[in-house]
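Trainee: Next comes the sequence, and after it the predicted model I'd like to discuss.
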Amino acid sequence: MAGRRTATISSARPAGRPKNKKSPSLKNPFTLVTLYAGNEGTAKPFKVHTDFACHYSPVFKAAFNSDFIEGQSQEYRLDVDEEEVVRLLVEWFYTQTLNTRRPDEKLDDAASMEEDLLLAKLWVLADKLLLPQLQNQVLDKLEEVCEAVVRLPLGCLHYVYSNTPPRSPLRQWCVHRFAFMLDENWLADHPDRFPHEILIELIVFFRPCVYNLPDAQLADFYVKIPDN
C-alpha cells in the first residue's frame, strides 16, 4: 500500500495550543455540565466543570449561558455516538493531551484503522465545538501514527470525506499523504476504498506538476499497429 516516497511534512510543527492562552480558573468548583455521546437515552453522561468547558469552547459557552434547552438543563448532546471520543474530549479539557495508543505500539491493521477513525471523529467534533488547538493535536497524532507504521490513513478516509467540507485542513492532509505514499497499482486494484472527492483532489494536487513534464506527441497516444 505504501508508495515510493514518504510524505514531505516537516516534523517542526507549531504547538496546537497558543502560547498566550490562559489556563481556565476553577472559580466555580461545584458547577458542572453534562455531555452525552449522541441522542440515545442510554448514552453515558460525562461530567465536566463548566469553567473548563466554556473556557475552551465558545460553542459550549454560548449554549450553557443561553435560554435554550442546553442552558436550562446544563446538558449537551454531542453529534458523535462513540463514548471514547467524548472521553478524550473531556480528558483534553483538563490535561490538554491526547491519551490514545502510542504510535510505536504494535497495532494490527484492524486496530490501526480503528485508531484512525477515532481520531478523525475527534477532529470533526473539535471542529464543531470550535476547538482548533485540539484539532491540531489530533492531526499531530494522526501524523505520528502514519510515520510510525508507514501506513496510509485508510480507516478514516470515508468518514473524513462524509463529514468535512471541501478544502478542509483534514482533507488536505489526507490528499498530501496519499499523493506521496499511495502505490498506483494498489489504487487501481482497490477503487472502492477511496471517496470520489479525493480522486478529484489528487488530480488538482498534481496539476502544477504537469508543467514540468516534457511535451507529448500525438503519436504517443496512437494504438499500436502490429507488424505484418
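Mentor: In hand now; what should we look at?
Trainee: Every contact and neighbour count from this point should use C-alpha atoms.
Mentor: OK.
Trainee: which residues in the chain form strands?
Mentor: All strands of the chain, identified by DSSP state E, fall at 32-37, 45-49, 75-78.
Trainee: angle of the first one against strand 45-49?
Mentor: If I follow you right, that is strand 32-37. Between strand 32-37 and strand 45-49, the angle comes out at 140 degrees (axes from the mean of the first three to the mean of the last three C-alpha atoms, to 10 degrees).
Trainee: My guess is V48 contacts V90. True?
Mentor: Yes - the pair V48 / V90 is scored as a contact, 6.7 Å apart, by C-alpha atoms under 8 Å.
Trainee: OK, contacts around E82?
Mentor: Applying C-alpha atoms under 8 Å, 6 or more residues apart in numbering to E82 gives the contacts 37-38.
Trainee: hey, which helix or strand in the chain has the poorest pLDDT?
Mentor: Within the chain, no helix or strand scores below helix 184-189, which has a mean of 73 by mean pLDDT, DSSP states H and E.
Trainee: F206 - how many residues pack around it?
Mentor: 11 (other C-alpha atoms under 10 Å).
Trainee: separation between it and F180?
Mentor: From F206 across to F180, the span is 11 Å (C-alpha to C-alpha, to the nearest Å).
Trainee: Please apply the same query to P58.
Mentor: From P58 across to F180, the span is 37 Å (C-alpha to C-alpha).
Trainee: tally of neighbours for R167?
Mentor: Close neighbours of R167, defined as other C-alpha under 10 Å, add up to 10.
Trainee: cool, and P24?
Mentor: P24 is flanked by 14 other residues according to other C-alpha under 10 Å.
Trainee: Poorly predicted segments of this protein, please.
Mentor: Across the chain, residues meeting the criterion (pLDDT under 70) sit at 1-21, 101-110, 149-151, 210.
Trainee: Give the closest residue to the residue nearest the centre of the chain in space, chain neighbours not counted.
Mentor: By C-alpha atoms, centre = their mean, the chain has its centre lying nearest to A120, at 3.4 Å. Distances taken as C-alpha to C-alpha, 6 or more residues apart in numbering place C156 nearest to A120, at 6.2 Å, with adjacent residues excluded.
Trainee: How about the contacts made by the one you found?
Mentor: C156 sits next to 113, 116-117, 120 when contact means C-alpha under 8 Å, 6+ apart.
Trainee: What lies in contact with the lengthiest helix in the chain?
Mentor: Taking DSSP state H as the criterion, the chain has its longest helix at helix 109-128. Here helix 109-128 makes contact (C-alpha under 8 Å, 6+ apart) with 79-80, 84-85, 88-89, 101, 132, 134-135, 138-139, 141-142, 153-156, 159-160, 163-164.
Trainee: Give me the buried entries from those.
Mentor: Among the contacts of helix 109-128, those scoring as buried are 80, 85, 88-89, 132, 134-135, 138-139, 141-142, 153-156, 160 (criterion: 16 or more other C-alpha atoms under 10 Å).
Trainee: Pick the most deeply packed of the strands of the chain.
Mentor: Across the strands of the chain, averaging neighbours per residue (mean count of other C-alpha atoms under 10 Å) puts strand 32-37 on top, at a mean of 21.
Trainee: what helices or strands is that one leaning on?
Mentor: Applying 3 or more C-alpha pairs under 8 Å, 6 or more residues apart in numbering; DSSP states H and E, we find strand 32-37 packed against strand 45-49, strand 75-78, helix 83-95.
Trainee: Sweet, I'm off.
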